[in-house]
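Participant: Predicted model and sequence below, questions to follow.
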Amino acid sequence: MSKEEIKEKDEYVYLDTPEALPEGVDPEEYIIATYYVSLPFGLDIIKISQMAAIEQSTGTWVPVPGETPEVRRKHVARVIAIYEVPQYEWHVPSDVKWRQYIVQIAYPIINLCGYQIPMLLSTVAGNILSGGKIKLLDLWFPKNYLKGFKGPKFGIEGVRKHLGVKERPLLNNMIKPCTGYPPEVGARLFYEAALGGVDIVKDDELLANADFNKVEDRVVKYMELADKAYEETGEKTMYTPNITDTPQKALELAEKVIELGGNGLMINYLTAGFEVMRTLAEDPSINVPILAHMDFSGALYEDPYSGLSSTLVLAKLPRLTGADILVYPAPYGKAPFLKERYIMIGKMLRYPFLHIKPTFPMPSGGIIPNIVPKIIEDFGNEVIIAAGGAIHAHPMGPVAGGKAFRQAIEAAMKGIPLKEYAQEHEELKVALEAWKTSKLLPI
């Protein structure tokens, strides 16, 4: 046998194995998933990783006749890296009960049935995330795959243009109470928030197309008052009605909002589904920004040893599927969240991502004017300040609540301490006195 035939034979044999060097796979033909894995001492990480790669691609726990070498060469996932932390080399201490690993598996794009999220998650998460302490940390997408997604239709620049606000951080308000009120009450609260300088008013995630408060009724009443507020303030207000529903009904609601003159949409993208939001974002007739709400996300990311990372759930995947604005937890208010995760998510929503436009980060949850300078220090001007109760429960009313936040934004942009700025701005002064710390904020 010649040297060329031997070389060809050796390469041919390795092509049907569930492992490879990182440099041994074509980066344009594979999606690379990075996992955290914790195993009890004594279990073989190499064999378990290979079993996972096979389980999520061509085979199962036992060899089956249909899983031929030819099938594996084209379709098997491959373990391309296993790193242990700490990296034991010659001895594992006797007191070590669990060993910690970072594992990377490359999945053939050909297995994913096109450019879609359901089969992507079925492949990279699928059954293996039910196997104990294993967490999907990140996904690396090749350019060829990303080209199958359009991402946000508006993005940060488009939302700014939509509202006519060029530089400053935007201000969002959630109508409070969350639900249970008729459209007339919501319309009054919307109008007061708009007069106070709020740029975007969103429904609470708990109110969608309820029998006692229909989306259609809200849009008609709110947009009429948006026009009235514009005449008084000279500033536009975007309303994002919550259209979360079954796929067909969500699309029908979106079309109805556009027909009635609505200028924004909101969807609980995780409970409705990534592809529902993506369908809205990529529909040419849906020509308004989409605000994506994070509810249900904690069920996916909060366990430190399993599930999906918060950066995937709250940044990379919703940005890929069309969120123009993304609501997620802030570490300063009522939701427990690590500051470093909050910062990483804000960066991942805005950093270059091939042709995918940046998404406006909107940290949320118990935000009061006192916190505004911190958020702007964290993200600069490319952020949306989100406030619910701190606007509607302001001692001087919602109009003053909105003004207090705008004043806090102005002070932060000018580099003036809030207490100093508040001396000549009554609304801010009252707010600072009412809520000296976020823990005092009424929920």
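Facilitator: Now that the structure is in, tell me what you want to look at. Residues are numbered from 1 along each chain as shown.
Participant: where exactly do the helices run in the stretch 201-350 of the chain?
Facilitator: Counting by DSSP state H, counting those that start in this stretch, the stretch 201-350 of the chain has helices at residues 215-233, 247-259, 269-272, 274-282, 298-301, 310-311, 317-320, 339-350.
Participant: just those: most buried one?
Facilitator: helix 317-320 (a mean of 25; mean count of other CB atoms under 10 Å). For every residue, glycine as well, the C-beta is placed using N, CA and C.
Participant: Of the helices of the stretch 201-350 of the chain, which is nearest residue 427?
Facilitator: helix 215-233 (14.7 Å; CB to CB).
Participant: and that closest one, average pLDDT?
Facilitator: In this model, helix 215-233 has an average pLDDT of 97.
Participant: Then stretch 382-391?
Facilitator: Rounded mean pLDDT across stretch 382-391 is 96.
Participant: Endpoints of it, how far apart?
Facilitator: 21 Å (CA to CA, to the nearest Å).
Participant: dump the residue contacts of residue 42.
Facilitator: Shown in contact with residue 42 (CB atoms under 8 Å, 6 or more residues apart in numbering): no residues.
Participant: SS state for it?
Facilitator: coil (DSSP: H, G, I helix; E, B strand; the rest coil).
Participant: any idea how far it lies from residue 97?
Facilitator: As judged by CB to CB, to the nearest Å, residue 42 and residue 97 stand 10 Å apart.
Participant: Distance-wise, check the spatially most central residue of the chain relative to residue 307.
Facilitator: Closest to where the C-alpha atoms of the chain average out (CA atoms, centre = their mean) is residue 314, at 2.4 Å. Distance, residue 314 to residue 307, using CB to CB: 12 Å.
Participant: shared neighbours of those two, which are they?
Facilitator: Common neighbours of residue 314 and residue 307 (CB under 8 Å, 6+ apart) are residue 301.
Participant: Find the helix or strand that residue 37 is a member of.
Facilitator: strand 30-40 (DSSP states H and E).
Participant: ok now that strand, how far from the chain's centre?
Facilitator: 21 Å (CA atoms, centre = their mean, to the nearest Å).
Participant: What mean pLDDT does it get?
Facilitator: So the average pLDDT for strand 30-40 ends up being 97.
Participant: helices or strands up against that strand?
Facilitator: helix 45-55, strand 98-108, helix 117-124, strand 134-140 (3 or more CB pairs under 8 Å, 6 or more residues apart in numbering; DSSP states H and E).
Participant: Those: which one's closest to residue 84?
Facilitator: strand 98-108 (5.3 Å).
Participant: Would you mark the buried spots in that closest one?
Facilitator: Neighbour-count burial for strand 98-108, with 16 or more other CB atoms under 10 Å as criterion, is recorded at 99, 100, 101, 103, 104, 105, 106, 107, 108.
Participant: Report the inter-axis angle for the helix or strand containing residue 79 versus strand 98-108.
Facilitator: If you go by DSSP H and E, residue 79 is part of strand 78-84. Angle of strand 78-84 versus strand 98-108, following axes from the mean of the first three to the mean of the last three CA atoms, to 10 degrees, is 160 degrees.
Participant: which other helices and strands contact strand 78-84?
Facilitator: helix 45-55, strand 98-108.
Participant: Could you chop the protein up by domain?
Facilitator: 3-146, 155-440 (automatic domain parsing).
Participant: looking at those domains, which is buried most?
Facilitator: With neighbours defined as mean count of other CB under 10 Å, those peak in mean count at domain 155-440, which reaches a mean of 20.
Participant: Residue 407 and residue 426 touch, don't they?
Facilitator: No. Assessed by CB atoms under 8 Å, residue 407 is found out of contact with residue 426, at 9.3 Å.
Participant: can you redo the helices and strands packed on strand 78-84 as JSON lines with distance to residue 179?
Facilitator: Shown next, in JSON lines, are these (distance: least, CB to CB, whole Å):
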{"stretch": "helix 45-55", "distance to residue 179": "42"}
{"stretch": "strand 98-108", "distance to residue 179": "41"}
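Participant: if we compare the ones you listed, which one ends up closest to residue 189?
Facilitator: strand 98-108 (47.6 Å).
Participant: partners of residue 308 in the sheet?
Facilitator: residue 136 (DSSP bridges).
Participant: wait, what's in contact with it?
Facilitator: Residues in contact with residue 308, defined by CB under 8 Å, 6+ apart, are 125, 129, 135, 136, 300, 301.
Participant: and which of these is nearest to residue 206?
Facilitator: Set against residue 206, the nearest of those by CB to CB is residue 300 (19.1 Å).
Participant: what about the closest one, distance to residue 116?
Facilitator: Applying CB to CB to residue 300 and residue 116 gives a distance of 19 Å.
Participant: and if you look at residue 105?
Facilitator: Applying CB to CB, the value for residue 105 to residue 116 is 19 Å.
Participant: swap in residue 29?
Facilitator: Taken as CB to CB, the span from residue 29 to residue 116 is 17 Å.
Participant: now residue 182
Facilitator: In terms of CB to CB, residue 182 sits 40 Å off from residue 116.
Participant: what's the answer for residue 250, then?
Facilitator: 17 Å.
Participant: same thing with residue 147?
Facilitator: 14 Å.
Participant: got any ranges where this structure has weak pLDDT?
Facilitator: Within the chain, the segments meeting pLDDT under 70 span 1-15, 61, 437-443.
Participant: residues touching residue 137, list them.
Facilitator: 34, 35, 36, 102, 309, 311, 312.
Participant: quick check, nearest of the residues you listed to residue 359?
Facilitator: residue 311 (12.8 Å).
Participant: pretty sure the closest one is touching residue 347, no?
Facilitator: No. Applying CB under 8 Å, one finds residue 311 not in contact with residue 347, separated by 9.2 Å.
Participant: Are we agreed that residue 385 is in a helix?
Facilitator: No. Read with three-state DSSP, residue 385 is strand and lies in no helix.
Participant: my read: it touches residue 412, true?
Facilitator: No. If you go by CB under 8 Å, residue 385 and residue 412 don't touch, sitting 9.5 Å apart.
Participant: Spit out the residues that contact these two alike.
Facilitator: Common neighbours of residue 385 and residue 412 (CB under 8 Å, 6+ apart) are 372, 376.
Participant: before we move on, the earlier item: a markdown table for the helices and strands packed on strand 30-40, including distance to residue 229?
Facilitator: Putting the helices and strands packed on strand 30-40 into a markdown table (distance: least, CB to CB, whole Å) gives the following:
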| stretch | distance to residue 229 |
| --- | --- |
| helix 45-55 | 55 |
| strand 98-108 | 50 |
| helix 117-124 | 38 |
| strand 134-140 | 42 |
